[in-house]
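Peer 1: quick check, what structure comes out for this input:
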Amino acid sequence: MSARSPSSRRRFLQHSAAAMAGAALADGFSWTRSVHAAGSDPIRVALIGCGGRGLGAAANCLNVPDNVKLVAVADAFEDQAQKAARSLKEKYGDKVDVPPERVFAGFDAYQQAMAAGVDLVLLTTPPGFRPLQYRAAVEAGKHVFMEKPVCVDAPGYRSVMESNRVADQRNLKVVVGLQSRHDPQLIETIQRIHDGALGEIQFLRAYRNGAGVWVRTREPGQTEMQYQMRNWYYFVWLCGDQIVEQHVHHLDRINWAMKDEHPVEANGMGGREVRKGKDFGHIYDHQYVEYTYPNGIKLFSQNRHIRNCWNAATQHVHGSRGHSDCTGTITGDRAWTYNGPKVNATDQEHVDLIRAIRNDDRHNEGYYGANSSFTAVLGRMATYSGSVVTWDDAVAKGPDEMPQRLAWDAEPPVLPDAGGSYEHAVAVPGVYRAY
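Peer 2: Residues are numbered from 1 along each chain as shown. Model (predicted):
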C-alpha cells in the first residue's frame with residue numbers, strides 16, 4: 001500500500017502559498033518575512049557531500065536573504081571537503097565560518113558534521129547514502145535539505161518513509177531537491193490541472209533524453225571502493241541508474257499532476273548500446289517504461305543517454321479537454337499561459353525551507369520525495385527484469401543494493417572482471433529477477 005503524509009492537499013496549498021507569497025524580487029526570490037519568525041539567531045548549516053551538486057546546494061542556501069551561516073563541511077574525500085570550504089568562503093565571505101576543525105572527511109564525516117552544533121544539514125552525497133544519512137539527521141534532531149533521489153532501492157525507500165515519520169514527530173523541516181514544487185508557474189499549472197482544466201486525464205508522457213554526463217577514469221592506487229565512489233554515476237548502488245538520478249524530476253511532476261498518487265505497476269525495456277568500456281559501470285543507457293496508476297491511467301516514459309539523438313526533458317498531461325506540459329501553459333478548451341512572478345526554483349526551495357524553520361511551520365517533503373524516487377526505482381526494476389513489477393511487491397521484496405560494509409578497503413556490490421570490465425554485471429532482461 002502507498003504510505004503517504006496525512007494531507008497531500010494541505011501540503012500542496014502550503015507549498016503554493018509559500019512559493020507564491022509576494023512579488024518576485026530583483027534577485028529572483030519570492031520572500032515574505034513574518035513577525036512570528038522564530039528569532040534572528042544564525043541558522044547554522046552543515047554541507048554533507050561536497051561534489052558539484054553539493055556546492056550548488058550550499059550556494060542556493062547561502063543565497064537566502066536571512067542570517068544563514070555555513071559552519072561545517074563533510075565528504076568521504078578530504079580533497080573535496082577542503083576545496084568546498086575554500087571556494088564557498090571565497091564567494092560568500094562572512095556567511096561561511098568553516099575552520100579546519102570543522103572540515104570532516106571519511107565515511108563517518110556526516111556524523112561528525114551533524115555533531116558540530118548545526119541546525120540544518122544539506123545532504124548531497126551520491127544518492128545511495130541518502131537513507132542512512134537522512135535517518136541520522138532526523139535522529140539527531142536536524143532540519144534537512146536532501147537532494148533527489150532520496151533512495152536507490154526498496155530498503156532505502158522503507159527507511160526514508162520511516163525517517164519521514166520520525167521527522168514529523170520531532171517537527172523537523174524537510175525539503176527535497178525536486179525544485180519544481182517551489183516554482184510558481186508549475187504550482188499554478190498543476191493546481192489548474194487538479195481543478196479540471198484538462199477535463200479527465202487520459203494519458204501521460206515523460207522524457208529525459210540527453211547526451212550523457214561526466215565520466216571519471218580510474219586513477220593509479222585507487223581501491224575499488226574509491227574508484228566507484230569517484231565515478232559514482234555508473235553504479236546502481238550509488239546512483240540508481242539514470243532513470244533514478246535524473247528522470248526522477250519528470251516522474252515527480254507526473255505524480256504531482258496525479259495528485260501525488262504513484263504508479264501501482266510498471267513494465268518496460270532497456271539496455272546499453274553505447275556505454276561500453278571499463279569506465280561505464282553496469283547501468284543502462286536507454287529505458288522505456290509503461291507505468292499504470294491506480295485509476296488505470298498510463299504513463300509512457302523514456303530516458304536515454306546517447307549522443308546525436310532526439311533530446312527532450314519534458315512531461316505532458318493529456319486530458320479530454322486539453323493538454324499541458326506542466327510548465328506554465330495549457331492548451332484546449334481552457335487555454336492559459338502563466339504570467340506571474342518568476343523565481344530561481346533551486347534558490348526558492350531553500351527560501352521556503354528557511355522560512356519554515358523561522359516560522360516553525362510544519363513542512364515535510366520527504367513523502368513525495370520518497371514516492372517519486374521509488375517510482376523511478378520501480379521503472380528500473382521493470383526494465384532490468386523485463387517483467388511486470390508491482391509497487392507493493394517491489395517495496396516489500398526489492399533487493400538491497402548497498403554494500404555490507406562501508407570502508408575504503410571494502411568490496412562494493414559489483415566488482416570488475418579480470419579485464420576491468422563490468423559488462424558481466426549488466427542486467428539481462430529475462431535473466432535478472434526484480435525480487
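
Peer 1: report the secondary structure state of Glu101.
Peer 2: Following DSSP: H, G, I helix; E, B strand; the rest coil, Glu101 is assigned to helix.

Peer 1: what count of nearby residues applies to it?
Peer 2: When neighbours are counted by other Cβ atoms under 10 Å, Glu101 registers 9. C-beta here means a position set from N, CA and C on the backbone, and glycine is covered the same way.

Peer 1: so what's Arg307 up against?
Peer 2: By Cβ atoms under 8 Å, 6 or more residues apart in numbering, the contact list for Arg307 reads Ala211, Gly212, Val274.

Peer 1: rebuild these as CSV, extending it with distance to Arg321.
Peer 2: Conversion of the contacts of Arg307 to CSV gives the following (distance: Cβ to Cβ, whole Å):
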residue, distance to Arg321
Ala211, 36
Gly212, 38
Val274, 41
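
Peer 1: so which of those residues is the closest to Ala418?
Peer 2: Val274 (23.9 Å; Cβ to Cβ).

Peer 1: would you agree that closest one falls within a helix?
Peer 2: No: using three-state DSSP, the secondary structure at Val274 is coil, not a helix.

Peer 1: ok, Arg216 touching Arg230?
Peer 2: Yes: using Cβ atoms under 8 Å, Arg216 is in contact with Arg230, at 4.9 Å.

Peer 1: now do the SS call for Leu70.
Peer 2: Criterion first, three-state DSSP; result for Leu70: strand.

Peer 1: same check on Gln202?
Peer 2: Reduced to three states by three-state DSSP, Gln202 is strand.

Peer 1: contact partners for it?
Peer 2: Neighbours of Gln202 in contact, by Cβ under 8 Å, 6+ apart: Ile297, His318, Gly319, Ser320.

Peer 1: show me where the protein has helices.
Peer 2: Counting by DSSP state H, the chain forms helices over residues 8-20, 52-62, 78-92, 109-114, 130-139, 154-169, 184-194, 224-230, 236-239, 242-245, 248-257, 345-359, 366-385, 391-397, given from the N-terminal end onward.

Peer 1: in a markdown table: those helices, plus mean neighbour count, mean pLDDT and distance to Pro99.
Peer 2: As requested, the helices of the chain are exported to a markdown table (neighbours: other Cβ atoms under 10 Å; pLDDT from 0 to 100; distance: least, Cβ to Cβ, whole Å):
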| stretch | mean neighbour count | mean pLDDT | distance to Pro99 |
| --- | --- | --- | --- |
| helix 8-20 | 17 | 38 | 34 |
| helix 52-62 | 20 | 98 | 16 |
| helix 78-92 | 17 | 98 | 9 |
| helix 109-114 | 22 | 98 | 13 |
| helix 130-139 | 23 | 98 | 22 |
| helix 154-169 | 20 | 98 | 30 |
| helix 184-194 | 20 | 98 | 39 |
| helix 224-230 | 19 | 98 | 26 |
| helix 236-239 | 24 | 98 | 30 |
| helix 242-245 | 28 | 98 | 33 |
| helix 248-257 | 26 | 98 | 36 |
| helix 345-359 | 23 | 98 | 24 |
| helix 366-385 | 28 | 98 | 32 |
| helix 391-397 | 16 | 98 | 44 |
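
Peer 1: go ahead and confirm Val317 touches Ile193.
Peer 2: Yes: with contacts counted by Cβ under 8 Å, Val317 reaches Ile193, the gap being 5.9 Å.

Peer 1: what do these two both touch?
Peer 2: What both Val317 and Ile193 touch, as defined by Cβ under 8 Å, 6+ apart, is the set Ile201, Ala257, Ser324, Cys326.
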